[in-house]
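[1] From the sequence below, what's the structure:
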Amino acid sequence: MDTRNGTEQFDVEQLASIVVDVAYKIHKELGPGLLESVYEAVLARALERCGLQVERQKVVPFEFDGMRFEEGLRVDLLVNGKLVLELKSVEKSAPVHFKQLLTYLRLMRLPLGLLINFGAGTFKEGIRRVVNNHTP
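    Numbering: from 1, shown residues only. Prediction:
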């Protein structure tokens, strides 16, 4: 860990560990059934309380075939500019949710993201690591 601009810099695995702990607590205390936007707001604020930088609904520009798109995609949460969180509040995640997050990671050239479904019956059922050429 080093400090830059007064904030601690964590590697992506440390960030993922913090997020899992905080998201577990939120799932346990609030339970499933709320809107995705509620979980997003609560998780963002809780992570900020842990000293992390969190950007909500982050617009991410990307390039394709020599063209630049300024508002092509929007990630739910971007933590410390390194970890993408894609949040859901549905009974069961669909395969497209995993593919969506993997595409975000590839376009952003980031190694790791977490797909968190707060609508799942248990937290373990609702969390999934998505990797893009990442070795922990």
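[2] For the rest of this, base every contact and every neighbour count on C-alpha atoms.
    Fine.
[3] Just the buried residues of whichever helix or strand V20 is part of, please?
    Using DSSP states H and E, V20 falls within helix 12-30. In terms of neighbour count (16 or more other Cα atoms under 10 Å), helix 12-30 has its buried residues at 12, 15-16, 19, 22-24, 26-27.
[4] Which residue would you name as the spatial centre of the chain?
    Taking Cα atoms, centre = their mean, the centroid of the chain lies closest to L85, which sits 0.8 Å from it.
[5] Describe which strands the helix or strand that contains that one pairs with in its sheet and in which direction.
    Assigned by DSSP H and E, L85 belongs to strand 83-88. Strand 83-88 has the following sheet partners, assigned by DSSP bridges: strand 67-79 (antiparallel), strand 112-117 (parallel).
[6] Do I have it right that L15 meets L85?
    No. L15 lies out of contact with L85 (Cα atoms under 8 Å); the separation is 10.9 Å.
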